[in-house]
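**Q** Fold the following for me, if possible:
(chains A and B)
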2 protein chains.
Amino acid sequence: MKQSKYKQVMNLITAKITGGEWTIGSQIPSQRELAKLFQVNRSTIITATEELKADGLLVSHVGKGTIVANNTWSLMKVDKPINWSGNITLGMHKESMKTVKMINELEAKNELIQLGKSELSPDLFPKEAFQNIVQNVSSTLYSLGYEEPKGNLKLRETICHQLKSKGIQASPSSVLIVSGALQALQLISIGLLNKGSTVYVERPSYVLSLSIFQSGGMKLETIPADLEGPIPKGMKDLHNSKAHSVLYTIPTFHNPTGYVMSERRREQLMQLCEDEQIPIIEDDVYGDLWIDEKPPKPLKASDTYGNVLYVGSLSKTLAPGLRIGWVVGPESVIDRLADLKMQTDYGSSSLSQHVAAEWLKSENYELHLAKVKEELKIRRNIALNALSKHLSSAAEWNVPKGGFFIWLKVLPPIQNKHLFEKALSAGILINPGNIYDKHSTQYIRLSYGFAAYEEIEAGIRRLGEMLKNI
Amino acid sequence: MKQSKYKQVMNLITAKITGGEWTIGSQIPSQRELAKLFQVNRSTIITATEELKADGLLVSHVGKGTIVANNTWSLMKVDKPINWSGNITLGMHKESMKTVKMINELEAKNELIQLGKSELSPDLFPKEAFQNIVQNVSSTLYSLGYEEPKGNLKLRETICHQLKSKGIQASPSSVLIVSGALQALQLISIGLLNKGSTVYVERPSYVLSLSIFQSGGMKLETIPADLEGPIPKGMKDLHNSKAHSVLYTIPTFHNPTGYVMSERRREQLMQLCEDEQIPIIEDDVYGDLWIDEKPPKPLKASDTYGNVLYVGSLSKTLAPGLRIGWVVGPESVIDRLADLKMQTDYGSSSLSQHVAAEWLKSENYELHLAKVKEELKIRRNIALNALSKHLSSAAEWNVPKGGFFIWLKVLPPIQNKHLFEKALSAGILINPGNIYDKHSTQYIRLSYGFAAYEEIEAGIRRLGEMLKNI
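**A** Residues are numbered from 1 along each chain as shown, chains lettered A, B, ... in the order given. Alright, predicted model coming up:
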């Protein structure tokens, strides 16, 4: 006789518990999720879980959902607490903010209009050119071993060549290949900063949405800033010769505000940081994406002291999925970071590195960049037009001169959390301002880089309708 | 008039210093290295550096080599210490052992006979099959964005399918894709262990050559062991209900000794760890590489409590350059690790993940594995024959039943350091025992996986000659 459906579901759930996937004390998925997982009706799930509760395997707590109470093994023997699960709250590394974790999950959902994503649209992926590169690389692959500690030499040479056009002189030995700019920050945090040191940041800042520096025991302090960028005088007063402090800055097409630090301010900042001995982390992942005019040169271009660690990446100009970025700095510092890189993951994907080297060397690189910038201009203008049309009385914004972001100030008094949730239930994923700065609760980081033209327009229209009804 | 060669070299060196690549206080490369770098004679280097010393840019210290004393800028102004360079000794993460760093660099040198490398020979790389996979993947690539926090779903599904054949039941939601097994350990260290907790390890152990756990403030304690594996009674006495301790073990084809934990010992160990609530990290990256007989099932296969975090990888069976590994464990624990993975590098290369998924799904996977095992048998036997012929009176060893390694006990009293250096000057790179255990100074980890047949034979012959002359 065929087993009834709910019995089958009982067995599936029991297997998850017995196999250690769902451990004692952990919450099982919701009825709706279970119904989807096991491809049955919700009523079947209810019957099965009620039976398992009667058996003592599950228990329901108000507000906590359904929890695994025992496993089959523990029912027969003395009860024991579970081991690895008890370790989840240990470990020095802090958890991500709840909203950030949700966004990480929801960014994979194609059914949402993605107005938060800091990524180029798949429409801008250079399919053919990229396929050619990958096929060329694969046909010359005779093995795929580990690369040198600092990364593939050809890739580092190519990066040095590209950096020249930005006024940065570097040799391959002062370049480390990393798996994206984020990993550079992680390595700097565990390798070059000690507990209790201070990281000066712009406010709001991308880095405030991360726990990298905080997990290492560093303090984050906000630098006073105006429209030109961080104010040297304000920074000097704040600093007051504190030992062990560094500056983290995104001078060009800042994340999340989109602003560009003025040339004069760059010079002042470099001078101040040399005088006060404040090393600088310069995050320049958006620098190539200028729309209206070429931005000033990176800080690194005028660095005569090895005072700047420069971070770049292919994630914003080509594709984040390659996971290829770079750090440029004094050789001794790069040596230290390369050792840590080896200790944490033995180097980035060799396949990605080979492909990245060919990409940067090929003529496609410049052609693609030109196309991307042209497209970003169109997308920015679509977003600005839609904003004028649908949000002119409900929000304020600046016109970004490059990059992906419009930093939108929402005028009606609505909490970030509610705005995020309301937008989500209207099918729109936005990045609320409070993940970049706890005081920016009236802001949204709007990205025009990812969604399709009509989605940008529709998403902003819906946001406008939402805000009218508050 | 053309500039004289030494003047050109002076300018090149000055540019490195002025540009901040070689910072004040750092050592510049040796004369030989500079000659190679700038493609000139050593005498030209000597003239150039003497001039720069006279200018006050360089200074020589006995035993410290040539140091950057000033940069052109600092010569004009007040002297200032350098910033980032001063940070090299900060940061909680420990430096690698000097020998380990040297090995990391020297493993890239093709002119050496590589008898230490834990990697398959390029001869065993399945060129054609792999090229086909990469070309198939590239022709279906329409974009290359970030993957889900736990990694590409298709890859996780395929891994779950493969794990079944080892007796491990897992769902994709309890699998996290990482950039190799090492990164799994790194994430576990920063995410699941707290400062002061104890990690039990086998002695010698691969993990002792790393600073991952020590950098997080964990203590490493060695478990008493015999030929079957860790001795439960010994481990129990050692443990004595210490809070927050975990076990790190490589039960199958252990690195560096090559041993296999007996079936009985696996059962005892699992029981003990459940009773004493000691979570287990099971590193099974060599498990598929059996030569003589199929090894016992992984510990994870009998884990009914979510007590085992299982770590696997493609690095040893296919190619380390993909940088693809996985961790399998209770869902809540994998959720925590996935969050940390997102915080440290936003996921592994999507390109590598796509290729890995296709590889594991294709029929090539099994065919390739069969070929690798056959080849490893041949290579092991070449190594064993050479050892009998050239080292029978100078060393002792066990016959490994799989994996890459022979753990060689050297009989003549020679310090590991000298042995390593002597071998290196004879053109052979070996991994000395002391990097795996400070007491194993009479041992070498010999790998027969990488070098060519004739190199294995020649390398061992030369080692034999070396040891005769001590």
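**Q** which one's the longest helix in chain A?
**A** Determined from DSSP state H, the single longest helix within chain A is helix A:364-391.
**Q** Skip ahead from that one and say which helix or strand is next.
**A** Along the chain past helix A:364-391, the next helix or strand (assigned with DSSP states H and E) turns out to be strand A:395-396.
**Q** now stretch A:207-214, how far from the centre of its chain.
**A** Using CA atoms, centre = their mean, to the nearest Å, the mean C-alpha position of stretch A:207-214 is found 11 Å from that of the whole chain.
**Q** Residue A:108 touches residue B:148, doesn't it?
**A** Yes: Residue A:108 is in contact with residue B:148 according to CB atoms under 8 Å; the separation is 4.9 Å. Where you see a C-beta, it was placed from the backbone N, CA and C, and this is true even at glycine.
**Q** neighbour count winner among the two?
**A** Each of residue A:108 and residue B:148 has its neighbours counted (other CB atoms under 10 Å in any protein chain shown); residue B:148 has more, 17 against 14.
**Q** Pull the number of nearby residues for residue A:174.
**A** Burial of residue A:174, expressed as a neighbour count using other CB under 10 Å, amounts to 26.
**Q** State the distance from it to residue B:85.
**A** Applying CB to CB, to the nearest Å, one obtains 12 Å for the distance of residue A:174 from residue B:85.
**Q** try residue A:233
**A** If you measure residue A:233 against residue B:85 using CB to CB, the figure is 28 Å.
**Q** So for those two, which sits in the more crowded spot?
**A** Comparing residue A:233 with residue B:85 by other CB under 10 Å, the one with more neighbours is residue B:85, at 26 against 10.
**Q** now the more buried one, nearest residue through space, not along the chain?
**A** Nearest residue to residue B:85, sequence neighbours excluded (CB to CB, 6 or more residues apart in numbering or on different chains): residue B:23, at 4.3 Å.
**Q** Residue A:313 now?
**A** Excluding the flanking residues, the one nearest residue A:313 by CB to CB, 6+ apart is residue A:325, at 3.6 Å.
**Q** near chain B, which residues of the stretch 251-400 of chain A show up?
**A** Taking CB under 8 Å from any CB of the partner chain as the test, the list of the stretch 251-400 of chain A residues beside chain B reads A:273-274, A:277-279, A:303-309, A:319-324, A:329-333, A:336, A:339-340, A:342-352, A:355.
**Q** 7 Å instead?
**A** Proximity of the stretch 251-400 of chain A to chain B is confined to A:277, A:279, A:303-307, A:309, A:319-323, A:329-333, A:336, A:339-340, A:342-352, A:355 under the rule CB under 7 Å from any CB of the partner chain.
**Q** So which of these belong to helices?
**A** Judged by DSSP H, the subset of these located in helices is A:331-333, A:336, A:339-340, A:342-345, A:350-352, A:355.
**Q** Relative to residue A:260, which of the residues you listed is nearest.
**A** Of all these, the one with the least separation from residue A:260 (CB to CB) is residue A:333, at 27.0 Å.
**Q** quick one: contacts for that closest one?
**A** For residue A:333, the set of contacting residues under the criterion of CB atoms under 7 Å, 6 or more residues apart in numbering or on different chains consists of A:192, A:309, B:84, B:85, B:88.
**Q** thinking again about what came up before, buried sites along the longest helix of chain A?
**A** Within helix A:364-391, the residues that count as buried by 16 or more other CB atoms under 10 Å in any protein chain shown are A:364-365, A:368, A:372-373, A:375-376, A:379-380, A:382-384, A:386-387, A:390-391.
**Q** now swap in stretch A:176-194 and tell me
**A** Applying a neighbour-count criterion of 16+ other CB under 10 Å, one finds A:176-193 buried in stretch A:176-194.
**Q** shared neighbours of residue A:174 and residue B:85, anything?
**A** Common neighbours of residue A:174 and residue B:85, counting by CB under 7 Å, 6+ apart, are residue A:330.
**Q** Can you give me the neighbour number for the residue nearest to residue A:313?
**A** Once other CB under 10 Å is used to define contacts, residue A:325 is seen to have 28 neighbours.
**Q** my guess is it contacts residue A:181, does it?
**A** Yes: contact between residue A:325 and residue A:181 holds when scored by CB atoms under 7 Å: they sit 4.7 Å apart.
**Q** Many thanks, have a good one.
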